[in-house]
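> Here's my sequence, what's the structure:
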Amino acid sequence: MDLAEAIKTLTGVSTATLTSQLSKRGLNKVFMKGVRPLSASQPRFAGEAYTVRMIPAREDLGTYETLRSPDNPARKAIEHCPAGKVLVIDARGVTEAAVGGDILFARLQVRGVAGLVTDGGVRDAEEVRALGLPVQCAGPAAPASIGAHFAVGLDEPVACGGVAVMPGDVLVGDGDGVVVIPRKLVAEVARDGAEQERLERFLQQKVRGGASIVGVYPPNEATLAEYKTWKG
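Here you go, the predicted model:
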């Protein structure tokens, strides 16, 4: 399974399943804390990480002049984040200021970016929800970024929601939040995650049909044999 196929597969696999798959591989610090969908109706997404790193604002560094500069890493990311990737903004968990708003995010959507993830706030929340771009964040925040953040890094290792994110890692977001999958594990986690989802659909069907969870969840050998016949 190549990367493109794996990412497509991952859009159909829940973060609950993916965290289980990663835990089986010894990785438990992969689910972002305090990062949730801005809109309950937004679609799932999956894509490689493209990162922006923020440090605390300082009056002589973060000015409206530097904010307007095309060399500002945060602004640069809006024009350079490749289509299909997920823009990840490390806001250090600072929630009282936004990392951006509806105009910047509209540009990301037009350019085909798969989604935006930040452990900071987002302004113009209602307008951003209306865009339809999947956004996972710490919640709405009206103040502009200049009051709290100064962008210093582009497409480099960052921390977001308490999780290390390396450029090229794959992020998957759904109604539960965001999980980070190391690049080297993407193909096998996508494969095994999809298989786990199929099995759990079968188990759910049995439980809804009146079956006890004993021997079904987790499945015993008899249930697994029945599943093998069910899936053909």
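> And the helices in this structure, which stretches?
Listed in chain order, the helices of the chain (DSSP state H) span 3-10, 15-24, 64-68, 73-80, 102-110, 125-131, 186-208, 221-231.
> For Tyr50, which of these is the nearest?
For Tyr50, the closest of the helices of the chain is helix 73-80, at 6.9 Å, according to Cβ to Cβ. C-betas here are computed from N, CA, C, even on glycine.
> Show me what the closest one is packed against.
Applying 3 or more Cβ pairs under 8 Å, 6 or more residues apart in numbering; DSSP states H and E, we find helix 73-80 packed against strand 45-56, strand 86-90, helix 102-110, strand 149-154.
> And Ser212, how close does it get to Glu195?
24 Å (Cβ to Cβ, to the nearest Å).
> hang on, the earlier thing: buried deepest among the helices and strands packed on helix 73-80, which one?
The highest average neighbour count among the helices and strands packed on helix 73-80, using mean count of other Cβ atoms under 10 Å, belongs to strand 86-90 at a mean of 28.
> Ser212 and Glu195: who's more crowded?
In this comparison of Ser212 against Glu195, neighbours counted by other Cβ atoms under 10 Å, the higher total goes to Glu195 at 14 against 9.
> Contacts made by the helix or strand of the chain with the lowest mean pLDDT with the rest, please.
Confidence across the helices and strands of the chain bottoms out at helix 64-68, with a mean of 75, counting by mean pLDDT, DSSP states H and E. With contact meaning Cβ atoms under 8 Å, 6 or more residues apart in numbering, helix 64-68 is reached by Asn72, Arg75, Ser145, Ile146, Phe150.
> again, 7 Å this time
For helix 64-68, the surrounding residues in contact (Cβ atoms under 7 Å, 6 or more residues apart in numbering) are Asn72, Ile146.
> And for stretch 51-60?
73-74, 77, 88-92, 146-156, 158, 165, 167.
> Surely Gly115 is in contact with Val86?
Yes: with contact defined as Cβ atoms under 7 Å, Gly115 reaches Val86; the gap is 4.9 Å.
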